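1. no FASTA, just this:
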């Protein structure tokens with residue numbers, strides 16, 4: 001009887017350790033997934049902002065066609081044919097606060113989910129920063145800030161873990 005009771009206590013201890021390790025593993029896996037997703041989206045957006053305004057020497061257009069706090073539209077003549085057509089030359093990033101998603105070119109398939117905030121801030125030629133520039137041709141730098149959360153709440157606390165990533169990107173090809 002004492003041996004059975006002792007075995008039950010040991011088994012309960014082993015189960016407790018196993019359960020806590022499972023919670024820690026699940027939490028870490030979600031954090032890694034969130035981190036990987038936010039970095040991939042930031043890399044994609046930064047590359048395309050950096051290319052904004054790329055064109056042949058005879059073309060005349062501004063590389064940033066829309067500049068708002070949660071939306072940006074970028075233009076670049078990637079294939080050098082003189083036209084800005086297609087999903088690689090006319091790119092719009094927008095944030096939907098209701099679905100917590102970032103969309104590229106308004107497609108139904110989001111490029112990022114579980115995003116709690118996306119903001120664009122624009123540094124102008126005179127050094128000021130704004131979310132709504134009056135003149136698009138004075139934009140010299142774009143600050144992209146993305147805040148993401150884990151897919152599920154933490155099992156221990158019941159709270160979502162979050163991460164904010166920001167990057168200052170200087171478009172190389174804007175009209176000076």
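-> Right, received. Where do you want to start? None of the values given here were measured: they were computed from a predicted structure.
2. residue contacts, residue 27?
-> 150, 154, 155, 156, 161 (CB atoms under 8 Å, 6 or more residues apart in numbering). C-betas here are computed from N, CA, C, even on glycine.
3. helix, strand or coil for it?
-> helix (DSSP: H, G, I helix; E, B strand; the rest coil).
4. where do the strands sit along this protein?
-> Secondary structure of the chain by DSSP state E: the strands cover 64-67, 71-75, 90-96, 101-104, 112-113, 115-124, 129-130, 139-149, 162-169.
5. As a markdown table, those with mean neighbour count would be great.
-> What follows is the strands of the chain, written out as a markdown table (neighbours: other CB atoms under 10 Å):
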| stretch | mean neighbour count |
| --- | --- |
| strand 64-67 | 19 |
| strand 71-75 | 21 |
| strand 90-96 | 19 |
| strand 101-104 | 19 |
| strand 112-113 | 18 |
| strand 115-124 | 19 |
| strand 129-130 | 12 |
| strand 139-149 | 20 |
| strand 162-169 | 14 |
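6. coming back round to it: by neighbour count, which of the contacts of residue 27 wins?
-> Using other CB atoms under 10 Å as the neighbour criterion, residue 150 leads those with 21 neighbours.
7. ok, it - contacts?
-> Counting by CB under 8 Å, 6+ apart, residue 150 has contacts 27, 30, 31, 33, 34, 114, 160, 161, 162.
8. Try it again at 6 Å.
-> Neighbouring residues of residue 150 by CB atoms under 6 Å, 6 or more residues apart in numbering: 30, 34, 160, 161.
9. Which of those are buried, as a PyMOL select command?
-> Burial among those is assessed by 16 or more other CB atoms under 10 Å; the matching PyMOL selection reads:
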select buried, resi 30+34+160+161
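10. List just the nearest of the contacts of residue 150 to residue 16.
-> residue 30 (21.8 Å; CB to CB).
11. could you list every residue that touches the closest one?
-> Counted by CB under 6 Å, 6+ apart, residue 30 has contacts 150, 151.
12. Please identify which two of the contacts of residue 27 are farthest apart in space.
-> Every pair of the contacts of residue 27 checked by CB to CB; the farthest is 150 and 156, at 12.4 Å.
13. Quick check, pLDDT for residue 176.
-> Looking at residue 176, its pLDDT is 54.
14. which one is residue 106 nearest to, not counting chain neighbours?
-> Leaving aside its chain neighbours, residue 106 sits nearest to residue 92 (6.4 Å; criterion: CB to CB, 6 or more residues apart in numbering).
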